[in-house]
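In: What would the 3D arrangement of this be:
(2 chains)
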Amino acid sequence: MTLRQSSLHEVHLALDAKMTEFGGWEMPLSYPSGTIREHLACRSDAVVFDVSHLGTVRLEGTGSFDLLQRTFTNDLSRIVPGQAQYTHLLDADTAGVVDDIIVWWIDEERFDVMPNASNTVRVREAIGGEDVTSGRAILAVQGPEARRRVATVLPEVASVPHFGVRRVDFEGHECIIAGTGYTGEDGFECAVPSEVAAHFFELVLSTGVIAAGLGARDTLRLEACLPLHSHELGPDITPLQAGLGWVVSWTKDDFRGRQALLSEREEGPSRRLRALLSSSRRPPHPNDAVFVGDLAQGCVTSGNYSPLLERGIALAFVPSEVEIGDIVTIETRGSLTEATVVRPPFHRLHLP
Amino acid sequence: MVSDGGVRYDAAMTIPENLRYTSYHEWARLGENGIAIGITDFAQEALGDVVFVDLPTIGSVLNVGDKLGEVESTKSVSEVYAPITGTVIAINEALGSAPETINTDPYGEGWFCVIEPTDEDGFAALLDAAAYTELTDH
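Out: Numbering: from 1, shown residues only, chains lettered A, B, ... in the order given. Model (predicted):
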């Protein structure tokens, strides 16, 4: 299979990036600075990721609002044009999460719907729209210093508010900037037409923001306890099990999967996603068993090393009775490690 | 030893002349008190930032190819295998809290353990630098 490439592919190679396959795309895994430094730079300063592999489905015209409102779980009437919203597309019969999505509401009758790379087809089956993925790059600038640094060259971009969406002119081309991200830090994501993407990227780098790859993106989102589709979310996992009840609006009219989700809402989910802080550096792995007492009663969905806490961390499904503060045991490649159930996110924990 | 998940590597790896190697990307250095073992520059580069090592126990008796331990990065786990038959007589405990030394100094401070060989033939049978260079050129 031929892998799709971002319009910044040549720039990544020139920066000596290590490339990897992700969702059918060939994307940077890390740059020579390495995943750990890229991760820590995002927590203390600012980094930029190429996330062009995310899909963009553009929906325009009268009826767009109503279509999204009756298809996705969140309530679009909570926001207005010029804002973004995180939402889910559910399976109508099982209420499993077909995809988790960010909707950028650009104009009254214009929406950019951003699915995960490999779910773009499924989302288009549900809402139609035009797949405009290939015409643009998406750059995510993230970190506490992201705005201050980028403001020196692109002040309009840097001033887009948290979860705001703005159209900004860059060298005669329309870019769409959203105050969104996937790291637990402040920042923004920029949809930039392919022909000017390299220049935009280089301009951001010139402000001292360092390039970061998908390796750091994954450790950052895990520390921030943000779900990754096919790990914490998927066709066999409901939003309630994933602890994302806030993404589901029960006050709006019917939406896809509502009926199927109602019974679980009434009975309460049998399992819950929890954040586990290991007592050692050893990274837990997806599918590692989680023991509560002597019984294997849970399963890790994502695990890795936390560069910030210098410990293994995991998200795991465990029985609903398991509470914050409980001690569990994770079995990783035959070795048992104690872990504490902690209050998410990991990157805001204060360890003694 | 590296499962690379389709990652592309750049060349220019360091391969010291005075060491012996395995096709699993371990190096071995003959010393007075035994044979020091580590993973090569190629291996650490392929792994990326090392965040955890699982070292063998001193006194373990191992045959060639037995699992010696694990080296893990933020993206993958690699097993380290015994390049020779013998007994583990020393381990690099400093790697426990500073595993990144494997990235910064794979042939020096990033050593993994020392094995006292059962016989002298095992070391001589390992790849020399030229043979290992050829292996990594593919």
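
In: Okay, helices next: where are they in the stretch 101-250 of chain A?
Out: Under the criterion DSSP state H, counting those that start in this stretch, helices of the stretch 101-250 of chain A are mapped to A:120-127, A:146-151, A:155-158, A:194-205, A:214-223.

In: Go through those and pick out the most buried.
Out: Mean neighbour count (mean count of other CB atoms under 10 Å in any protein chain shown) peaks for helix A:214-223 among these, with a mean of 26. For every residue, glycine as well, the C-beta is placed using N, CA and C.

In: for the record, mean pLDDT for that helix?
Out: The predicted model gives helix A:214-223 an average pLDDT of 98.

In: what's the neighbour count on the closest residue to chain A within chain B?
Out: Across chain B, the shortest distance to chain A (CB to the nearest CB) belongs to B:Val51, at 3.9 Å. For B:Val51, the count of nearby residues is 26 (other CB atoms under 10 Å in any protein chain shown).

In: so what's it scoring on pLDDT?
Out: Among the per-residue scores, B:Val51 shows a pLDDT of 98.

In: That one is in contact with A:Gly34, isn't it?
Out: No - because the distance of 10.8 Å does not satisfy CB atoms under 8 Å, B:Val51 is recorded as not touching A:Gly34.

In: Would you map the strands across chain B?
Out: Shown for chain B, the strands assigned by DSSP state E span residues B:20-21, B:26-31, B:34-39, B:50-54, B:61-62, B:67-73, B:77-81, B:86-91, B:113-117.

In: need the contact list for the residue nearest to A:Val47 when sequence neighbours are not counted.
Out: For A:Val47, the nearest residue in space outside its immediate sequence neighbours is A:Ala212; the separation is 3.8 Å by CB to CB, 6 or more residues apart in numbering or on different chains. A:Ala212 makes contact with A:Ser30, A:Tyr31, A:Glu38, A:His39, A:Ala41, A:Cys42, A:Val47, A:Val48, A:Phe49, according to CB atoms under 8 Å, 6 or more residues apart in numbering or on different chains.

In: One more: B:Gly96?
Out: By CB under 8 Å, 6+ apart, the contact list for B:Gly96 reads A:Arg281, B:Val53, B:Leu55.

In: Chain B contacts on the stretch 251-352 of chain A?
Out: A:Arg281, A:Arg282, A:Pro283, A:His285, A:Asn304, A:Tyr305, A:Pro307, A:Gly312, A:Arg333, A:Ser335 (CB under 8 Å from any CB of the partner chain).

In: Return the closest of these with respect to chain B.
Out: For chain B, the nearest member of those is A:Tyr305. The distance, counting by CB to the nearest CB, is 3.9 Å.

In: tell me which element that closest one falls in.
Out: Remark: A:Tyr305 resides in strand A:295-306, with elements defined by DSSP states H and E.

In: Tell me the helices and strands packed up against that strand.
Out: Helices and strands in packing contact with strand A:295-306 are listed as helix A:214-223, strand A:271-278, strand A:289-292, strand A:311-319, strand A:327-332; criterion 3 or more CB pairs under 8 Å, 6 or more residues apart in numbering or on different chains; DSSP states H and E.

In: looking at these, which is buried most?
Out: Each of these was scored by mean neighbour count; the highest is helix A:214-223, a mean of 26, by mean count of other CB under 10 Å.

In: Run the chain-centre distance for that one.
Out: 9 Å (CA atoms, centre = their mean, to the nearest Å).

In: Whichever helix or strand comes after that helix: how far from the chain's middle?
Out: Sequence order places helix A:258-267 as the next helix or strand after helix A:214-223, per DSSP H and E. Taking the mean of its C-alpha atoms, helix A:258-267 sits 25 Å from the chain's own mean (CA atoms, centre = their mean).

In: rewinding a little: for the contacts of B:Gly96, give me CSV that also has distance to A:Tyr182 and neighbour count.
Out: Conversion of the contacts of B:Gly96 to CSV gives the following (distance: CB to CB, whole Å; neighbours: other CB atoms under 10 Å in any protein chain shown):
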residue, distance to A:Tyr182, neighbour count
A:Arg281, 24, 19
B:Val53, 30, 24
B:Leu55, 35, 18
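
In: Now do the contacts for the spatially closest residue to A:Val150 that is not a sequence neighbour.
Out: Ranked by CB to CB, 6+ apart and with sequence neighbours excluded, the top spatial neighbour of A:Val150 is A:Ala158, at 4.4 Å. When contacts are counted by CB under 8 Å, 6+ apart, A:Ala158 is found next to A:Ala146, A:Arg147, A:Arg148, A:Val150, A:Ala151, A:Phe188.

In: how close does the second one sit to A:Gly243?
Out: According to CB to CB, to the nearest Å, A:Arg147 and A:Gly243 sit 29 Å apart.

In: In the sheet, which residues pair with the residue nearest to A:Asp288 when sequence neighbours are not counted? Tell me.
Out: In space, not counting the residues next to it along the chain, A:Asp288 is nearest to A:Val300; the distance is 4.1 Å by CB to CB, 6+ apart. Under DSSP bridges, the beta-bridge partners of A:Val300 are A:Ala316.

In: now A:Thr340
Out: When bridges are taken as DSSP bridges, the partners of A:Thr340 come out as A:Leu277, A:Ile327.

In: just to revisit the earlier point, pretty sure the residue nearest to A:Asp288 contacts A:Ile313?
Out: No - between A:Val300 and A:Ile313 no contact is recorded; they are 10.1 Å apart, counting by CB under 8 Å.

In: Please enumerate the shared neighbours of those two.
Out: Residues touching both A:Val300 and A:Ile313 comprise A:Leu276, A:Pro284, with contact defined as CB under 8 Å, 6+ apart.

In: What about A:Ile324, how many residues nearby?
Out: A count of neighbours around A:Ile324, defined by other CB under 10 Å, yields 11.

In: Quick check: it touching A:Pro344?
Out: No - contact criterion CB under 8 Å: A:Ile324 and A:Pro344 do not qualify, at 9.2 Å.

In: what sits in contact with each of these two?
Out: Shared contacts of A:Ile324 and A:Pro344, counting by CB under 8 Å, 6+ apart, come down to nothing at all.

In: I'd like to know how many residues surround the closest residue to A:Phe65 other than its chain neighbours.
Out: By the measure of CB to CB, 6+ apart, the closest residue to A:Phe65 outside its immediate chain neighbours is A:Leu76, 6.2 Å from it. Applying the criterion other CB under 10 Å, we find 21 residues in the vicinity of A:Leu76.

In: In contact with the closest residue to B:Leu47 other than its chain neighbours, which residues are there?
Out: Once its chain neighbours are removed from consideration, B:Leu47 has its nearest residue in B:Ser73; the separation is 4.2 Å (CB to CB, 6+ apart). Residues counted as contacts of B:Ser73 (CB under 8 Å, 6+ apart) are A:Thr35, B:Leu47, B:Gly48, B:Asp49, B:Val50, B:Val51.

In: what's the burial count for the fifth one?
Out: Translated: B:Val50. The local packing count at B:Val50 equals 27, with neighbours defined by other CB under 10 Å.
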